[in-house]
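Trainee: Using only what follows, build the 3D model:
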Amino acid sequence: MKKIIVLLLFVSCLVHAQQAKLIKADKEFSSFAYVDAIEVYEKILKNGYQSADLYEKLGNSYYLNGETEKAAQCYKALIAYNTEIDPEIYFKYSHCLKALGNYDEANRMMAIYYDKTSNSEGKKDLDNYLLEIKNNSKDYLIKPTDINTEFSDYGPYYSGNKVYFTSAVDTAAVRKKIHDWTGQNFTDIYVANVNKDTTLTFSGNFSKKVNTKFNESSPIFTKDGKTMYFTRNNFLNGKKGKSDDKSTYVKIYKATLVDGEWSNISELSFNNDESSFAHPALSLDEKTMYFASDMAGTNGYSDIYKVKRNSDGSFGSPENLGKQINTTGRESFPSVDKEGNLYFASDGHLGLGGLDLFKAKINDDGSFQNPKNLGERINSPKDDFAATFYDKTSGFFTSNRDNGKGFDDIYYFNEKQCKQKADGIVYDAQTKLPIPAATVILFNDEMNEVEKISADEKGYYSFKVDCGKKYYIRALKEEYEPAEVKLTTNAIDGKVNTNDIYLSKKQIPIDEGTDLAKIFNISKIYFDLDKSNIRPDAEVHLQKIIEVMKQYPNMVIDIRSHTDSRQTHKYNEALSDRRAKSTLEYIVKNKIARNRLTARGYGETQLVNKCADDVYCTEDEHQMNRRSEFIIVKIK
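Mentor: Numbering: from 1, shown residues only. As a prediction, the model looks like this:
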């Protein structure tokens with residue numbers, strides 16, 4: 001009996017010991033000390049204790065510390081418990097599986113995540129995103145730089161033939177602390193010189209006044225070189241700031257150059273103690289700052305924001321870039337290229353694993369197009385982020401891909417100029433015979449003419465085009481209607497598919513009162529909701545109207561533009577009038593005399609369906625009313 005009591009006491013002590021270790025590990029996890037948490041959780045597992053909560057926290061510790069293989073093992077064990085778990089586990093597990101090259105299982109886990117978060121659009125994209133990434137991939141020369149160390153080196157920024165970057169290397173420039181999250185030194189900002197061959201030579205610590213015993217990273221500079229912005233832990237004038245729950249987040253700071261020294265360090269006005277603000281970037285005109293934050297209203301773990309930068313250096317209120325850019329995952333490390341396009345890292349948009357680099361082309365109004373994954377060479381199954389540009393086709397970025405020197409490494413990239421041959425034959429659509437000497441015009445995706453040639457006696461034509469681009473090829477010949485084909489090239493050198501073009505003989509009833517839009521079956525909607533600018537897809541059809549007007553030099557056209565029923569009658573009249581005039585100006589720009597055109601907006605007075613005020617209609621039904629008509633009012 002005494003032996004039994006002693007054994008029970010021993011077991012009880014073991015249970016209490018495991019519970020004490022769990023409490024300690026949970027405390028480390030809650031305070032972001034993932035390295036310490038991992039050490040304790042691993043010991044508990046070795047002692048035979050297992051639970052769903054333990055596997056979840058250990059898996060998350062591995063995941064947040066970049067140990068994806070170990071995280072995958074924990075998530076697999078967690079899912080095997082068949083308990084109700086956070087949908088985010090499937091999201092993280094999917095990224096871990098991609099890092100291991102298991103894309104089929106990764107997609108299955110992501111499909112479960114989309115089901116549990118009711119994201120049907122995301123699930124639909126799973127069918128073709130890898131093929132789309134492959135088709136978008138360009139041929140890059142990528143090589144590691146000489147400034148990489150065994151520590152984390154990341155976030156390069158090119159300015160004035162130097163690269164400023166972040167590193168956890170210990171140069172003893174200032175007394176550094178060990179980061180509980182990673183187990184490495186807190187980071188400083190360093191400088192490297194860019195050599196003529198674009199290699200980098202380490203130059204030293206950036207500034208003892210900017211660098212402190214806490215983390216500094218992500219420096220950027222104004223064009224005049226007198227102002228810098230950077231990321232730092234909530235630490236200023238020797239005081240560490242804390243949130244209500246005693247956490248210390250990061251903020252964006254400003255410094256100015258005075259007598260060759262960086263000083264006057266201050267935090268930006270839109271920071272707060274309850275959220276993180278990091279990785280600033282400036283637009284080309286320096287009137288807008290982009291940055292990453294997890295402030296209230298963020299879609300996921302972190303989003304990209306923009307904020308107005310005033311002429312006096314002050315800032316407005318931050319605006320979220322919206323769900324076109326931001327997801328329920330992580331969006332971070334924004335940067336701007338030499339043309340003003342936005343680059344950023346994301347694990348929420350579908351990619352190859354971890355953080356992938358994406359590009360969102362900028363529009364004339366400052367908005368951005370849908371982001372595109374940069375493809376297989378720049379992106380890897382691991383984290384790829386923080387791009388900066390040396391010129392239009394080359395620069396530096398960060399990756400923790402396999403075979404690197406340290407935790408994160410800085411790489412040089414250069415886009416190889418890839419050309420392809422696009423050719424075809426111009427045929428008569430009725431006889432199927434080649435049409436000799438047809439005029440063939442190559443347009444880019446913005447409908448700007450790139451090249452004009454004549455087909456040979458056999459109707460054959462050929463162009464040299466860039467890889468990974470979109471084009472339109474138009475064929476013209478007297479007595480025939482013009483016709484076009486759309487061309488999308490891949491990212492691999494070589495000949496693209498043949499693009500034959502078929503022309504039909506003209507059979508146009510050219511009478512007064514005829515609507516040319518109906519004759520040419522122009523069903524595309526020219527205008528987006530609440531917009532009056534001519535979209536590239538509309539330009540394709542407007543060119544048909546222009547060609548007819550060139551063939552009939554005495555023809556006069558009345559342009560009639562219409563809106564849907566949303567908004568007020570007064571507003572819609574003004575909007576449709578802008579659309580009509582926008583259409584007229586486009587045609588005039590294409591060398592049609594202004595006195596051959598009239599234009600008027602009719603607002604919502606001539607709807608083509610039932611979609612009047614207070615009548616529910618689908619978006620497609622509303623689009624049918626956002627149109628332009630081209631009525632022949634004079635022919636002789």
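Trainee: Walk me through the domains of the protein.
Mentor: 21-127, 145-415, 419-503, 516-634 (automatic domain parsing).
Trainee: Include distance to residue 133 when you put these into JSON lines, please.
Mentor: Every residue, glycine included, has its C-beta placed from N, CA and C. Below are these laid out as JSON lines (distance: least, Cβ to Cβ, whole Å):
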{"stretch": "domain 21-127", "distance to residue 133": "11"}
{"stretch": "domain 145-415", "distance to residue 133": "5"}
{"stretch": "domain 419-503", "distance to residue 133": "10"}
{"stretch": "domain 516-634", "distance to residue 133": "23"}
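Trainee: for the ones you listed, which one sits closest to residue 134?
Mentor: domain 145-415 (6.5 Å; Cβ to Cβ).
Trainee: end to end, how far does the closest one reach?
Mentor: 16 Å (Cα to Cα, to the nearest Å).
Trainee: I'd like to know the average pLDDT value across it.
Mentor: Taken as a whole, domain 145-415 has a mean pLDDT of 90.
Trainee: just for the stretch 1-150 of the chain, where's the confidence low?
Mentor: Applying pLDDT under 70 to the stretch 1-150 of the chain flags the ranges 1-36.
Trainee: which residues in it form helices?
Mentor: 2-30, 34-46, 52-64, 68-79, 88-99, 103-116, 120-125, 129-136 (DSSP state H, counting those that start in this stretch).
Trainee: what residues does the strand or helix carrying residue 414 touch?
Mentor: Assigned by DSSP states H and E, residue 414 belongs to strand 409-415. Strand 409-415 is contacted by residues 138-145, 147-148, 153-154, 156, 163, 165, 198-200, 377-378, 387, 393-401 when judged by Cβ atoms under 8 Å, 6 or more residues apart in numbering.
Trainee: Stretch 581-597 now?
Mentor: Around stretch 581-597, the neighbours that count as contacts under Cβ under 8 Å, 6+ apart are 526, 532-534, 539, 542-543, 545-546, 549-550, 555-559, 561, 598-599, 628.
Trainee: How far off centre is that stretch?
Mentor: 36 Å (Cα atoms, centre = their mean, to the nearest Å).
Trainee: Quick check: end-to-end length of that stretch?
Mentor: First residue to last in stretch 581-597 (Cα to Cα) measures 10 Å.
Trainee: same deal with stretch 311-328?
Mentor: Span of stretch 311-328 from end to end, Cα to Cα: 34 Å.
Trainee: Over to stretch 79-90?
Mentor: 9 Å.
Trainee: about what we covered before: adding mean neighbour count and distance to residue 510, write the domains of the chain out as a markdown table.
Mentor: Shown next, in a markdown table, are these (neighbours: other Cβ atoms under 10 Å; distance: least, Cβ to Cβ, whole Å):
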| stretch | mean neighbour count | distance to residue 510 |
| --- | --- | --- |
| domain 21-127 | 18 | 45 |
| domain 145-415 | 19 | 36 |
| domain 419-503 | 16 | 13 |
| domain 516-634 | 17 | 7 |
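Trainee: just to revisit the earlier point, please flag which of the contacts of strand 409-415 sit within strands.
Mentor: 140-144, 153-154, 156, 163, 165, 200, 387, 394-399 (DSSP state E).
Trainee: how about the strands of the stretch 251-400 of the chain, start to end?
Mentor: Counting by DSSP state E, counting those that start in this stretch, the stretch 251-400 of the chain has strands at residues 261-267, 277-282, 288-293, 303-308, 319-320, 331-336, 342-346, 356-360, 372-373, 384-389, 394-399.
Trainee: Throw these into CSV and include distance to residue 95, thanks.
Mentor: Below are the strands of the stretch 251-400 of the chain laid out as CSV (distance: least, Cβ to Cβ, whole Å):
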stretch, distance to residue 95
strand 261-267, 33
strand 277-282, 20
strand 288-293, 18
strand 303-308, 18
strand 319-320, 23
strand 331-336, 14
strand 342-346, 11
strand 356-360, 10
strand 372-373, 14
strand 384-389, 12
strand 394-399, 15
